[in-house]
Each structure stands twice: as structure tokens, then as C-alpha cells.
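**Student:** Provided below for reference: sequence and predicted model.
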Amino acid sequence: MVITNCIQGDLTPFTPTADRPWNAYRARHLLRRLGFGASPEAVEAALQVSPSQLVDQLIDEAIQMPLPDEPEWAYWSISDYDSEEAIQMAVMQSREWTVRWFRDMAANGLREKMALFWHNHFVTRLDDYICPSYLYQYHKLLQEKGLANFKEFTHAIGITPAMLVFLNGAQNTRFNPNENYARELYELFTLGQDNGYTQTDIEETARALTGWVDRAEFCAPITFVPNLFDPGSKTIFGRTGNWGYDDVIDILFEERATEISLYICGKIYEHFVHPEQDDAIVAELAATFRANDFEIAPVFRQLFKSEHFFDEYVPGTQIKSPIDNFVGLLRDGAFPTDNRELMLGFIYFASLQDQQIFDPTDVAGWPGNRSWLNTNTITLRWQSMELYVTYLFESAPERLRTIAKMLSNNSNDPEVVTKALADHFLVKGLTNETDLMAAVDAFKAEVPQNYFDEGSWNLDWDIAPAQVVLLMLELIKQPDFQLL
């Protein structure tokens, strides 16, 4: 199916006007694309600063945010476990760290959005390497480097234990070179398929990457063994020498800077703006990327401050991933995340919809966008959201009331309240009159019409949180709810 990109505007900073004001609609758009959601409080705070100031705030906050406390098992090897319980303990630790990350997504916005993006770029799979310590070290790198220097990120990821095991770097020796990581380094991680490299480049690069194979025991650190490194001459991208790991990264970024910048900026554009690239915009972003020595943050500042990003054709062009769907609702409502079983439920339902955290589909990652929706997954989305929204009535009824009051300015007009909630939880609200009236009817529930007509009903009624739930059950089945 052909996807058309109709977005107008260039990369000059967006300047609000009377016709295109800085309002809640645009603030929600920015907060959702540069995070996972936008609570009423976050939107209100966003409107106190300019769009450009908000972009800088969000990026600076993500860069400066402290990392999660290191777990005691962060660098454990297998001998650190009770041997009889090792596998069971490892599974439990990995599961708990997944829950921790899910909570962090709901709390930390952009830092975790970037970590998830790079998790789907520099793919590893927990099922392949198993070790919780490897999982932690890999995830920590995603959080640390998400908005940092891409060259340094690429260098670090290749020798993290999770990647060394996943793509067979830990089996790559001078006596038996393994090409897996060399191939994916070019094809998936930096250049794109068949773009600026040859099979010979892959073979020679594999030789240069040999030697990272020493592991004293299962889950132990993996270190470099000089005697297993191929000391011979290699020719990579036309340059010949006794190249090793550091040389490969240097040569790659020196000889293929343009290809790298276009490929990475194209992926950023497709993920954060529109599934169909705008070649001119991507080329400008790529030039910024190169001019800043592959620092990621300047690219994000330029893109998210731009007229292009705030064009009317951007909101609603991305289909939420299952994780975006769950975490987005948590952040849109600023709902509690302290229920561990609930978080495990979200993780389980996301996996049923083909997005299992720390286990992407394959080395190419989750395809994303339209692949998220089919007749099975849309039903699962509805069912899981219904369960959660119903749970909110039991666990956070006063939060539901507060949201309705904040968004509607404490209106006692059911149509005003309904429209305010729809505008908040849907990308473009309910623009169809028939859909709006159906939503109003859902919100009114069984309250007699005369209470609305005479103005005696209000959001302080005991039934009001249940009414919000009934409305949300209507909204989550709207097509717009699946979009960003």
C-alpha cells in the first residue's frame, strides 16, 4: 500500500500565529512524539513556554536524568547464583527489570522513548543471551547514549556482552571468522541494506573484529584476547592496514559519513514524524548530524522545533505500538504505576500483540506502524484497554474525576466534558457529529436527561468517575485512539 507524505514546511523553527496558535492540541502532539503521552498537567505546563523552549527542556531533561539505581546483580556471573536456583533467579531478575523499564517509560518520557527506539535499532534478544547482567548492561547503554554521540554509541554497542553473544561476536576468532556482526553493523546499524559496502568489506571487517571472545564462565564479562585476533592486513572501504575494532569504527564514520547520516536520520524521521520519508528534510537533518560530529541531540532539536514537525499533516500519521498504546494511556492520565501485577499484565498483552520487550522479532527489529494492526491485534487492544479502564474505576476514581474537571474547566455540560476528554485522549478528537453524540450518550450513562437540562448534574456527583469510564470505553474503540 502506498503511503503519501503530504507534510509541508521546512526546518525553520515553528512560530505560532493567530491561525496556528501554540495550544493544547500542538502541545499534546509534541509531548506524545517526544515521549509517550501528555497528562493535562504536562500540557498546561507546556503552554507556559514557547514550543522551542519546550523542546529544549524535554531534551535537556532526558540527557541530564539520572540512571536507575544499579541492581545488585548488574555484573553477576553464573557462580554468583545458588546453582540450584540459577535459572529461576535469572528469569525473575530479567522479568523484574522489564517491569522497572515499563514503569520508567511511564515516568520518564523522552529518555525511555529513545531507549526503546534504539532497542529496535541495535537489536539484541534476551532469549539468545539469557543473562540478566547482560540485559542490564545493554539497557543501561540504550539509556545513556540515546541522545548522545552516535559514533560512540556504535562503538560501545558492538562490544557489550548482549550484542557479542546475540550476533556471534563472542565466537569470532582469527581461526574461524564469523561475519554476523560485521554484516549487521553495515546493513542494519549504520548504512542500510546494500548501501556503500561490499561482501569483501564484510569479510575484512569480520577479521578486524576478531578476538572479543574471552568469557570465564556463563554470564561473565566478555573481554579481548590478543592471541585470537587476526593480525593480518585488511582492506576496508579501500583502506588497508592491520585494522582492529577501534579502526573499523573510525574508518566507517570517516569513509561513509554521508551514508550513515542519511540512513540514521531517515530512520529517525520515519519513527518520529511520518512513515514515508521526506528526502529534502532528511538530507538537511543529515547535514546537521555530520556538522555536529554525529551528536544526536542537535538533530532532535532541529526537527522537533520545526515548521515541518508542526504541520497539520503530521498528527495522526503514526500507528501506536502496543507499548505506546499502554504507556501512552498511563501518561495521558498520569495514572498510578505502582501495581506490579498490572505492569506485568501490560507487558503480557504487548507480547501477545507481537511486541515483547527485550525480544524483538528478529535482528531487523519490529517492523512497526501498519504491521501493528490486524484483525487479531485490534481485538486484543480493545480487550486489554477495556480491562484497564474498568480497573481505573476501582483503583483511581478520583483521578478520573480530576482529569474531567481539569480538561472541561469543571463544566456541568455533558457535551463540553465529552468533547474535552475526547480531544485529550484522541489525536484529533471526535470531528464527526454522529460519533460525538454517541460519545455524549455514553457519558450521560443512566443519569436522567432532566438533570442535565436543569444544570443540577455536575462532576462532583458520586457517579461521575463511572461516567468517565463509560466514555473512555467508547473512546478506546475509535480509530483515532490507535494513532499518534
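**Tutor:** Okay, I see it.

**Student:** which one is A115 nearest to, not counting chain neighbours?
**Tutor:** Leaving out its chain neighbours, the residue that sits closest to A115 by CB to CB, 6 or more residues apart in numbering is L142, at 4.1 Å. No exception for glycine: its C-beta is placed from N, CA and C like everyone else's.

**Student:** Can you check my assumption that the one you found lies in a helix?
**Tutor:** Yes - under DSSP: H, G, I helix; E, B strand; the rest coil, L142 sits within a helix.

**Student:** Could you check the pLDDT of V165?
**Tutor:** With respect to pLDDT, V165 has a value of 98.

**Student:** And the longest helix along the chain, what does it pack against?
**Tutor:** Secondary structure of the chain per DSSP state H: the longest helix is helix 86-108. Judged by 3 or more CB pairs under 8 Å, 6 or more residues apart in numbering; DSSP states H and E, the packing partners of helix 86-108 are helix 110-119, helix 132-145, helix 322-333, helix 340-352.

**Student:** Could you tell me which residues within the least confident helix or strand in the chain by mean pLDDT count as buried?
**Tutor:** Ranked by mean pLDDT, DSSP states H and E, the weakest helix or strand in the chain is helix 86-108, scoring a mean of 92. Buried residues in helix 86-108, counting neighbours by 16 or more other CB atoms under 10 Å, are found at 86, 89-90, 93-94, 97-108.

**Student:** which secondary structure element contains T434?
**Tutor:** Taking DSSP states H and E as the criterion, T434 maps to helix 433-444.

**Student:** coming back round to it: so the least confident helix or strand of the chain versus helix 132-145, what angle?
**Tutor:** Relative orientation of helix 86-108 and helix 132-145, computed by axes from the mean of the first three to the mean of the last three CA atoms, to 10 degrees: 20 degrees.

**Student:** List of residues touching helix 86-108?
**Tutor:** Contacts with helix 86-108, where a contact means CB atoms under 8 Å, 6 or more residues apart in numbering, come from 36, 62, 65, 68, 71, 73, 78, 81-82, 111-113, 115-116, 126, 130-132, 135-136, 139, 219, 323, 327, 330-331, 337, 340, 343-344, 346-347, 357-358.

**Student:** now do stretch 154-166
**Tutor:** Under the contact criterion CB under 8 Å, 6+ apart, stretch 154-166 has outside partners 122-125, 128-129, 131, 133-135, 137-138, 141, 145, 169-170, 181, 185, 189-190, 209, 212, 221-222, 245-246, 249, 252-253, 363.

**Student:** Could you report the pLDDT at the residue nearest to F237 when sequence neighbours are not counted?
**Tutor:** Excluding its sequence neighbours, the residue lying closest to F237 (CB to CB, 6+ apart) is E255, at 4.1 Å. Note on E255: pLDDT of 98.

**Student:** Just want to check the distance between E255 and D423.
**Tutor:** Going from E255 to D423 by CB to CB, to the nearest Å gives 50 Å.

**Student:** L344 too?
**Tutor:** With distances taken as CB to CB, L344 is found 32 Å from D423.

**Student:** Show me the strands in the protein, by range?
**Tutor:** With DSSP state E, the ranges of strands along the chain come out as 212-214, 223-224, 234-236, 239-241.

**Student:** Listing partners with orientation, what would you give for the second one?
**Tutor:** So that's strand 223-224. Partners of strand 223-224 in the sheet, by DSSP bridges, are strand 212-214 (antiparallel).

**Student:** tell me which residues in the strand it pairs with are buried?
**Tutor:** Neighbour counts over strand 212-214 (16+ other CB under 10 Å) mark 212-213 as buried.

**Student:** Give me the contact list for that strand.
**Tutor:** Contact with strand 212-214 is made by 159, 164, 169-173, 222-225, 228, 245, as judged by CB under 8 Å, 6+ apart.

**Student:** Quick check: which ranges of the stretch 101-250 of the chain have low pLDDT?
**Tutor:** Of all residues in the stretch 101-250 of the chain, none has pLDDT under 70.

**Student:** For stretch 436-445, C-alpha coordinates in CSV please.
**Tutor:** This file holds the C-alpha atoms of stretch 436-445, laid out as CSV (Å, rounded to 0.1, in the frame of the first residue of the first chain):
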residue,chain,number,x,y,z
LEU,A,436,-19.6,12.9,19.2
MET,A,437,-23.2,12.4,20.0
ALA,A,438,-22.7,8.7,20.6
ALA,A,439,-19.9,9.5,23.0
VAL,A,440,-22.1,12.1,24.8
ASP,A,441,-24.8,9.4,25.2
ALA,A,442,-22.2,7.0,26.6
PHE,A,443,-21.0,9.6,29.1
LYS,A,444,-24.5,10.5,30.2
ALA,A,445,-25.0,6.8,31.2
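
**Student:** For it, give the mean pLDDT please.
**Tutor:** On average, stretch 436-445 scores 98.

**Student:** what does it contact?
**Tutor:** Stretch 436-445 has contacts (CB under 8 Å, 6+ apart) with 414-415, 417-419, 421-422, 430, 452, 463, 466-468, 470-471, 473-475.

**Student:** how does it look with 6 Å?
**Tutor:** 414-415, 418, 430, 467, 470-471, 474 (CB atoms under 6 Å, 6 or more residues apart in numbering).

**Student:** rewinding a little: in TSV: the helices and strands packed on helix 86-108, plus distance to F153 and mean neighbour count.
**Tutor:** Putting these into TSV (distance: least, CB to CB, whole Å; neighbours: other CB atoms under 10 Å) gives the following:
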stretch	distance to F153	mean neighbour count
helix 110-119	8	23
helix 132-145	4	21
helix 322-333	22	24
helix 340-352	25	17
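
**Student:** Now render those as JSON lines, adding distance to W457.
**Tutor:** Listed next are the helices and strands packed on helix 86-108 as JSON lines, based on distance: least, CB to CB, whole Å:
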{"stretch": "helix 110-119", "distance to W457": "39"}
{"stretch": "helix 132-145", "distance to W457": "47"}
{"stretch": "helix 322-333", "distance to W457": "23"}
{"stretch": "helix 340-352", "distance to W457": "31"}
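
**Student:** I236 is nearest to which of the ones you listed?
**Tutor:** I236 lies closest, by CB to CB, to one member of the helices and strands packed on helix 86-108: helix 132-145, at 23.8 Å.

**Student:** packing partners for the closest one?
**Tutor:** If contacts are counted by 3 or more CB pairs under 6 Å, 6 or more residues apart in numbering; DSSP states H and E, helix 132-145 sits against helix 86-108, helix 110-119, helix 161-166.
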